[in-house]
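Colleague: whatever this is, show me its structure:
(chains A, B, C and D)
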Protein chains: 2
Amino acid sequence: MSDKLRAAGMRPTRQRVALGSLLFQSGDRHVCAEILHEEAVEQQIPVSLATVYNTLNQFRDAGLLREVALVGTRVYFDTNMSDHQHFYLEESDELLDIPSNHTIKLNGLPEAPEGMEIAGVDVVVRVRPKKS
Amino acid sequence: MSDKLRAAGMRPTRQRVALGSLLFQSGDRHVCAEILHEEAVEQQIPVSLATVYNTLNQFRDAGLLREVALVGTRVYFDTNMSDHQHFYLEESDELLDIPSNHTIKLNGLPEAPEGMEIAGVDVVVRVRPKKS
DNA sequence: ATTTGTGCAAATCGTTTGCATCTGA
DNA sequence: TCAGATGCAAACGATTTGCACAAAT
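Modeller: Numbering: from 1, shown residues only, chains lettered A, B, ... in the order given. Prediction:
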């Protein structure tokens, strides 16, 4: 983790190493600041909520995390930087990866507006409880 | 506008009729509460910011507006309820419709998770200035 | 007359910032 | 040593809510 941080141009401080381990050691994760902070507290990692916010933003700026486009006010990050898609559970505000064998295929990318280039395509499938 | 509101199960009050006219009289629009409130004030429509927020949420719940999934903290609504997609300009936080003749085709919707149904699919093409 | 909507200000939620203190290179 | 990171609390921006008043049916 120290190396990963150094490679990204950040000092490997206790808090960053600890948060990085929580984020990157167990496969793909979807976190918001609040959740990650709770986890850290549970695991006896002393870190303030403000530092969690700052760290997530730094990780994003360094290309270690991706910010996910969502309806609503909260910001989510995804540790999976590869090209993939999400389910968004409207009633619980949860985010799930769409299994790669069910990914939606996109045909025909549009031309970007004049002078622009495409940075990425976000696909979010909003789902809600079946009312049946 | 009164009829449209009544059809949606809302009392056609002065404020709702006025905001509805701003929103639906001039083609497709992307608005956040702040912007719509400014417009209303400019046009001498006395309405509070709180009422603009409430009204936008009611319009969305009634199916007159769509909330757009975006990175970041502000909530945008789109008066275009038809199935369409957006460019998101990363440097300026702007939202543009993708012209319908350049829409991305989606192949193979995934199964929704157990007990869930698909409410909609949001596609956002993030673009940024070409660096060339 | 009854129900529903409105305005205001205060409350809330998620997030950022200022500043004194601490820490890693 | 000292630039840079952290914690705390206060500031902040966007949004929601409680309550007295006003308007629509």
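Colleague: which element is residue A:112 on?
Modeller: Assessed by DSSP states H and E, residue A:112 sits outside every helix and strand.
Colleague: just residue A:19 next, same as before
Modeller: Applying DSSP H and E as the criterion places residue A:19 in helix A:14-24.
Colleague: also residue A:12?
Modeller: Applying DSSP H and E, one finds residue A:12 in no helix or strand.
Colleague: do you know the pLDDT at the nearest residue to it once chain neighbours are set aside?
Modeller: Spatially, and ignoring its direct neighbours in sequence, residue A:12 is nearest to residue A:2 (3.9 Å; C-beta to C-beta, 6 or more residues apart in numbering or on different chains). For glycine as for every other residue, the C-beta is placed from the backbone atoms N, C-alpha and C. Residue A:2 is assigned 88 on the pLDDT scale.
Colleague: next: residue A:113.
Modeller: 91.
Colleague: now residue A:132
Modeller: For residue A:132, the model assigns a pLDDT of 67.
Colleague: helices along chain A, start to end?
Modeller: A:2-7, A:14-24, A:33-42, A:49-61 (DSSP state H).
Colleague: what's the longest one packed up against?
Modeller: Okay, so that is helix A:49-61. Where contact means 3 or more C-beta pairs under 8 Å, 6 or more residues apart in numbering or on different chains; DSSP states H and E, helix A:49-61 is packed against helix A:14-24, helix A:33-42, strand A:76-78.
Colleague: could you rerun that using 6 Å?
Modeller: helix A:14-24, helix A:33-42 (3 or more C-beta pairs under 6 Å, 6 or more residues apart in numbering or on different chains; DSSP states H and E).
Colleague: comparing those helices, which comes out most buried?
Modeller: Burial of the helices and strands packed on helix A:49-61 is given as mean neighbour count (mean count of other C-beta atoms under 10 Å in any protein chain shown); helix A:14-24 ranks first at a mean of 18.
Colleague: would that one count as contacting DNA strand D?
Modeller: Yes: Helix A:14-24 comes into contact with DNA strand D (C-beta under 7 Å from any atom of the strand), by way of A:14-16.
Colleague: try stretch A:81-92
Modeller: No: Stretch A:81-92 stays clear of DNA strand D (C-beta under 7 Å from any atom of the strand), getting no nearer than 13.7 Å.
Colleague: tell me the strands beside the lowest-mean-pLDDT helix or strand in chain A, with direction?
Modeller: The least trusted helix or strand in chain A, going by mean pLDDT, DSSP states H and E, turns out to be strand A:94-97, with a mean of 86. Looking at strand A:94-97 with DSSP bridges, its partner strands are strand A:86-89 (antiparallel).
Colleague: list of residues touching stretch A:90-109?
Modeller: Stretch A:90-109 is contacted by residues A:30, A:76, A:84-88, A:123, A:126, A:128, B:104-108, B:110 when judged by C-beta atoms under 6 Å, 6 or more residues apart in numbering or on different chains.
Colleague: make that stretch A:59-70, sorry
Modeller: Outside stretch A:59-70, the residues that touch it by C-beta under 6 Å, 6+ apart are A:8, A:76-78, A:81, A:122, B:69-71, B:124.
Colleague: distance to residue B:115 for the helices of chain A - can I get that in CSV?
Modeller: As requested, these are exported to CSV (distance: least, C-beta to C-beta, whole Å):
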stretch, distance to residue B:115
helix A:2-7, 39
helix A:14-24, 30
helix A:33-42, 23
helix A:49-61, 31
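Colleague: which of those helices sits closest to DNA strand C?
Modeller: Nearest to DNA strand C, of all the helices of chain A, is helix A:49-61, at 3.3 Å by C-beta to the nearest atom of the strand.
Colleague: fine by me, we can end here.
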